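Engineer: Sequence first, predicted coordinates after that:
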Number of protein chains: 4
Amino acid sequence: MMIIMQNNATPAQVENVIKHIKDAGLAVHLSQGVEATIIGAIGETHALPTEIFETLDGVETVQRITQPYKLASRQFKPDNTSFSVRGINFGGNAVGVIAGPCSVESKAQIIETAHAVKEAGAVALRGGVFKPRTSPYAFQGLGEEGLNYLAQARDATGLPLVVEIMSQVQLDMMRDYVDIFQIGARNMQNFNLLRAIGETQTAVLLKRGLSATIEELLMSAEYVLAGGNTNVILCERGIRTYENSTRNTTDINAVPVLKSHTHLPVFLDPSHSTGNADYVSSIARAAIAAGADGLIVEVHPDPANALSDGKQSLKPERFSQMVKEVGQISQILGRRLATIH
Amino acid sequence: MMIIMQNNATPAQVENVIKHIKDAGLAVHLSQGVEATIIGAIGETHALPTEIFETLDGVETVQRITQPYKLASRQFKPDNTSFSVRGINFGGNAVGVIAGPCSVESKAQIIETAHAVKEAGAVALRGGVFKPRTSPYAFQGLGEEGLNYLAQARDATGLPLVVEIMSQVQLDMMRDYVDIFQIGARNMQNFNLLRAIGETQTAVLLKRGLSATIEELLMSAEYVLAGGNTNVILCERGIRTYENSTRNTTDINAVPVLKSHTHLPVFLDPSHSTGNADYVSSIARAAIAAGADGLIVEVHPDPANALSDGKQSLKPERFSQMVKEVGQISQILGRRLATIH
Amino acid sequence: MMIIMQNNATPAQVENVIKHIKDAGLAVHLSQGVEATIIGAIGETHALPTEIFETLDGVETVQRITQPYKLASRQFKPDNTSFSVRGINFGGNAVGVIAGPCSVESKAQIIETAHAVKEAGAVALRGGVFKPRTSPYAFQGLGEEGLNYLAQARDATGLPLVVEIMSQVQLDMMRDYVDIFQIGARNMQNFNLLRAIGETQTAVLLKRGLSATIEELLMSAEYVLAGGNTNVILCERGIRTYENSTRNTTDINAVPVLKSHTHLPVFLDPSHSTGNADYVSSIARAAIAAGADGLIVEVHPDPANALSDGKQSLKPERFSQMVKEVGQISQILGRRLATIH
Amino acid sequence: MMIIMQNNATPAQVENVIKHIKDAGLAVHLSQGVEATIIGAIGETHALPTEIFETLDGVETVQRITQPYKLASRQFKPDNTSFSVRGINFGGNAVGVIAGPCSVESKAQIIETAHAVKEAGAVALRGGVFKPRTSPYAFQGLGEEGLNYLAQARDATGLPLVVEIMSQVQLDMMRDYVDIFQIGARNMQNFNLLRAIGETQTAVLLKRGLSATIEELLMSAEYVLAGGNTNVILCERGIRTYENSTRNTTDINAVPVLKSHTHLPVFLDPSHSTGNADYVSSIARAAIAAGADGLIVEVHPDPANALSDGKQSLKPERFSQMVKEVGQISQILGRRLATIH
């Protein structure tokens, strides 16, 4: 970290900055030039907020040289992270496809969908039972009843379960059912929840917040990693911009950016990132072509009568075609689709 | 709510939409024109997500005529809401100023600040004890110890306490100390927390999310109101945009927009909405000139050594001058500053 | 277009709206329901701004049913537009790759680059001679001298030339040299320039503005089409958002959205949309996988010493590898790379 | 400017950077620390794009210490700029209000409006004759006929004229009529136009682009100033964000930010920044309270029948009330309204 002093900073102000650096347990490197005095703070600076120095008298600006996260960075761990959930590999060379309905609506619906997505090539089943809905009057999910149905769908197909958790108070109950916790966009900075998950070894699919930067997504992953849980998948799901012809704007740049900055697996959710079933397959192909490690896709046997997100859900046949195309693109990049036995 | 059918929609598709409207307990009004068939859904439509119809075959688009919230709307309750907390009025004709440090750092710091902001004209004391920090390595707040210090500051000055709550698990412990719960930007859509607060009668200052629309802010207020708690203050605190010369972009438009759409009191936080102490007074004046009912401002006796948000904190003297100017602008609009006896 | 009246609109207000519709040469369809009176305006409504009705007394809101553009819409012309420039097809089944330096810097530089990009598979040469630079002190381009060098590069390779035009006063001079005019992001709504180009038959590559909506891009294309020039390529080049880890945010959704709304060819510029050579190939692959009809890519033989945009320029070898991958993805989608003989 | 080298940069790479700095006519200051080698470039660096160094091998990042503009900066000219147009002062202690219709529609309309806004306290008349319209089918303005009507309105009232110019080809014709050229948001980076205006001495009201940063606005002003024309007013008119309850988002922060960075007068346009007549007065008051030097406001005698922007136009009575409130707020800040004799 470099602290750049104002042109007219006094020697006492420079001394004060140096004192603060030493108090933080860091070494100091002083460089006094004609135009500017620059003070380097050397050591474990990722844990140090820049604002500690920005407010000191005489400071012009503070420039971070190393990233504000450590455990999540590729510099810290150059090799790709991969891990196995019920025998399925996430984050290795294989490309994983997670699929299922937005909400679990009934036992029949989830079991039918589970068979359909497995048939089409999915290796995990998603399904929400606690739904974060903008309106207090909208369908809020089936709760534990839905988890029971999901467990039965897993029994029937072998697909591991990906389920959203909304609060740390749900953790104890849910971990008996869930194989991969999804942390949704609205909870990406629910730090209490991140810490609680960090203390488990259950895998997490961490979605990027609606207007979170890539760096903030990695800082939230750092909360989980710092607790000792390294089974983290990052998921781009579209960001909020001024463009309103789609529900969100898929930040496809995030795929190569994340792959260069972190060793964690990177997935993409084309259902939320477009909000429109007509665009999902295009964006799914784009994600894999850009280097993503997997997809999470909303599939519903009868989108027109879905209780939520019907507009962006694929029917099983269309999903099946999508998986085929995604598999072919994977091969061009020297990869293959993950499979379940 | 109006459902506009596609040009080539079949009679069966029209029938199907009508059936869905009736199933939702609403009345139907059918209008078949040359260019389009329009089906009106009449009744308590605020509780109905538009997506229920958007996914039906033959539907072109769905247009909401009435707002998706009810209890928060000025249509439902034309008169301004006001309520009293420890004898201080919020939301009436008087303009209320809440002030204090970002974080409670020590007993001495909070008591000194409490006296200073009261002297300058503040009617409530803010101070964080659980801090939502982007980095897991940053200062996370003093917890219950900080609440004890805050209670002592209240005893010394009579100022009611405004404290951020981050999770519903903190509710029981915190309600013994706190007069007004602050729900921070990151938790504006923490629906579990909103529901839990809605079941109390403790007042709430609900901050707009980093990239929440004004409508979403009102929907989150609706969660609290629907639980029976009507003591809600809305707070604009800046939104995230591409502009990077300030920490956030103060959406000053939100003040007149909210005042026209809702009866709830509207505050503005110029500290977070600018992120820079040099701009806080200008934006505080602008907020009151635009019609805001109050302000929440970060004040610290020694910003350069604050543990968080020092860069945007005012020193007490500067804050005192700001309150004077804000008071003069209030008078032009036929209002006055709230006072504490 | 539907005009939805306020609940309490008077018969006289309804009459006034009807009069305005008839004055615009449109037919009227009146529907008086319990909750709302809706007035349909029927006919060539794409040429009618909604604001004409929004300001009339008693009007609640105006809803456009058909799009505000006509000639650019796929409804008007269902089949894909394609056209030939110096024997190269744009917009057909073949995927076209345009490449070259940001700026023409010297005769040697542009001729060397032209040979290199042709060798790698490009079918047109880009190169700027008038540069829209944020700073008045930055390199502004070689002007007509640069056009001469470009013409020599074309003579040497057969590659048609794609060159940015910044003002209608440059048109007469430039059309002697240029095969495809590029209209840059900053000029997407330079309506005088659009009109001037519309009166020629020279092909245009129209870039999306920095914060233009997809609809606005199509409206700008409509300006050119309305003048009689149908040789228009649309180009996504990234939009401005809050995310700052890349120069712009590639709106990959724009590819399938545009392909569904318009018959015009859709290209993508991964150099500007990422601003970083390390991400260009990933995003180029993603664009083609999403269904784009071509790419425009910055290539420079010595990026480190480029006078502009060096950071985002590919070296010829890396570009060559990119074209190979893009070709393979094209085949999966049943397409092939355009070629030059 | 500081060039921070990568950890593993070689001595040859450091030498190469130093060579580039010297080639640009700047002095070098080298600082070799444990963690990083930093090379300072000292001199007139505002004219130097950072990208020149960013692409050199071994460079980690480049940090600008001084601003990329010079003539527009308050550092270069500490005192506020003010100038007189037909006897009216802009940019001094007085707060100036410009008003008039979006478009000149007829002789009667503009003369009636001119009298009305003068009566209410405006000191200049705005009116568009060339309209930048998103749709090629919308009303494009009266052209020179409109300028004739404006000149008659000036003769009748003494109000100087503020008129938008869209292209440098209009300059010679328009300068016979216009007192202050408005450069609209869409042309803020029309560099040919900026240069052409910079070579005149006619005053300019330069509007911020739809998604321009504050720094980019100042860079565009620098184009005009560099030509020798110092009669420049900057104008915030709202930026494009995801929020859609208003036409644009008023960036009220821009007022104090601009006032601290530049000596040029800063105006605000509450009509475009809100897009809704109901919010204009609130935002006008906010602008002056925040420290703006003036306003430009759309006023129309019959908004419901305006050919453009009727929704955001004030009727004269409402405008008159707005001016009164703005005058009172000016006094609190030790200023007064500009007047015309």
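Structural biologist: In hand now; what should we look at?
Engineer: Alongside chain C, which residues does chain A contribute?
Structural biologist: By CB under 8 Å from any CB of the partner chain, the residues of chain A that approach chain C are A:211, A:213-215, A:239, A:241-246, A:249-257, A:260, A:273-274, A:278-279, A:282-283, A:285-291, A:325, A:328-329, A:332-333. In this view, the C-beta of every residue, glycine as well, is placed from N, C-alpha and C.
Engineer: Just the buried ones from the residues you listed?
Structural biologist: Buried members of these, counted by 16 or more other CB atoms under 10 Å in any protein chain shown: A:211, A:213-215, A:239, A:241-243, A:245-246, A:249-257, A:273-274, A:279, A:282-283, A:285-291, A:325, A:328-329, A:332-333.
Engineer: number of nearby residues for A:N89?
Structural biologist: Counted with other CB atoms under 10 Å in any protein chain shown, the neighbours of A:N89 add up to 16.
Engineer: How about it: which residues does it bridge to?
Structural biologist: A:S84 (DSSP bridges).
Engineer: Around chain D, which positions in chain A sit nearby?
Structural biologist: So far as CB under 8 Å from any CB goes, chain A lies against chain D at A:2, A:4, A:27, A:29, A:31, A:33-36, A:38, A:40, A:42, A:60-61, A:63, A:65, A:211, A:240-242, A:244.
Engineer: Tell me the buried residues within those residues.
Structural biologist: The buried subset of the residues of chain A next to chain D (16+ other CB under 10 Å) comprises A:2, A:4, A:29, A:31, A:33, A:35-36, A:38, A:40, A:42, A:61, A:63, A:65, A:211, A:240-242.
Engineer: Among those residues, which ones are in strands?
Structural biologist: Using DSSP state E, the subset of these located in strands is A:M2, A:I4, A:H29, A:S31, A:I38, A:G40, A:I42, A:T61, A:Q63.
Engineer: What distance do you get for the first one to chain C?
Structural biologist: Relative to chain C, A:M2 is positioned 19 Å away (criterion: CB to the nearest CB, to the nearest Å).
Engineer: Contacts only, for that residue.
Structural biologist: A:I38, A:I39, A:G40, A:A41, A:V62, A:Q63, A:I65, D:I4, D:A36, D:I38 (CB atoms under 8 Å, 6 or more residues apart in numbering or on different chains).
Engineer: show me where chain A has helices.
Structural biologist: A:11-23, A:51-54, A:107-120, A:144-157, A:171-174, A:191-198, A:214-226, A:254-261, A:270-274, A:277-290, A:316-332 (DSSP state H).
Engineer: The fifth one close to chain B?
Structural biologist: By that I understand helix A:171-174. No. Contact of helix A:171-174 with chain B (CB under 8 Å from any CB) is absent, the minimum separation being 10.8 Å.
Engineer: That helix: which residues count as buried?
Structural biologist: A:L171, A:M174.
Engineer: what comes into contact with that helix?
Structural biologist: By CB under 8 Å, 6+ apart, helix A:171-174 touches A:E144, A:L147, A:V163, A:I165, A:F181, A:A196, A:I197, A:T200.
Engineer: and of those residues, the nearest to B:N229?
Structural biologist: Of all these, A:I165 has the smallest distance to B:N229: 25.6 Å, by CB to CB.
Engineer: how close does that closest one sit to chain B?
Structural biologist: Distance from A:I165 to chain B, by CB to the nearest CB: 11 Å.
Engineer: Let me know how buried that residue is, in neighbour terms.
Structural biologist: Counted with other CB under 10 Å, A:I165 comes out at 25.
Engineer: wait, what's in contact with it?
Structural biologist: A:I165 sits in contact with A:F130, A:L171, A:M174, A:V178, A:F181, A:Q182, A:I183, A:L193, A:I197, where contact means CB under 8 Å, 6+ apart.
Engineer: let's see 10 Å
Structural biologist: A:129-130, A:171, A:173-175, A:178, A:181-184, A:187, A:190, A:193, A:196-197, A:202, A:204 (CB atoms under 10 Å, 6 or more residues apart in numbering or on different chains).
Engineer: Which of these are buried, as a ChimeraX select command?
Structural biologist: The buried residues among those can be selected in ChimeraX (16+ other CB under 10 Å) with this line:
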select /A:129,130,171,174,178,181,182,183,184,187,190,193,196,197,202,204
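Engineer: so what's A:A212 closest to, chain neighbours aside?
Structural biologist: Nearest residue to A:A212, sequence neighbours excluded (CB to CB, 6 or more residues apart in numbering or on different chains): A:M188, at 5.5 Å.
Engineer: you'd agree the one you found is up against A:S220?
Structural biologist: Yes. At 5.2 Å, A:M188 counts as touching A:S220 under the criterion of CB atoms under 10 Å.
Engineer: so what sits against both of those two?
Structural biologist: A:L194, A:L206, A:K207, A:R208, A:G209, A:A212.
Engineer: Run through the residues that contact the fifth one.
Structural biologist: Under the criterion of CB under 10 Å, 6+ apart, the neighbours of A:G209 are A:183-190, A:216-217, A:220, A:237, A:239-240, B:186, B:209-211.
Engineer: if you set the cut-off to 6 Å instead, what comes out?
Structural biologist: A:G209 is in contact with A:A185, A:M188, counting by CB atoms under 6 Å, 6 or more residues apart in numbering or on different chains.
Engineer: cool, the fourth one as well?
Structural biologist: Going by CB under 6 Å, 6+ apart, A:R208 touches A:L217, A:E236, A:R237.
Engineer: wait, which of those is closest to chain D?
Structural biologist: Using CB to the nearest CB, A:R237 is the member of the contacts of A:R208 that lies nearest chain D, at 15.6 Å.
Engineer: And A:Q170, how far from A:F139?
Structural biologist: Here A:Q170 is placed at a distance of 18 Å from A:F139 (CB to CB, to the nearest Å).
Engineer: err, A:L161, not the other one
Structural biologist: 20 Å.
Engineer: Same drill for those two, tell me which one is more crowded.
Structural biologist: Remark: of A:L161 and A:F139, A:L161 carries more neighbours, 25 against 16, as counted by other CB under 10 Å.
Engineer: just checking, the more buried one touches A:R154?
Structural biologist: Yes. Using CB atoms under 6 Å, A:L161 is in contact with A:R154, at 5.5 Å.
Engineer: which residues of chain A score low on pLDDT?
Structural biologist: A:33-35 (pLDDT under 70).
Engineer: for chain B, what are the nearby residues on it?
Structural biologist: A:47, A:49, A:51, A:54-56, A:68, A:132, A:134-138, A:166-167, A:186, A:189, A:191-192, A:210-211, A:216, A:219, A:222-223, A:226, A:240, A:303-304, A:310-311 (CB under 6 Å from any CB of the partner chain).
Engineer: Show me the domain layout of chain A.
Structural biologist: As assigned by automatic domain parsing, chain A contains the domains A:2-63, A:83-337.
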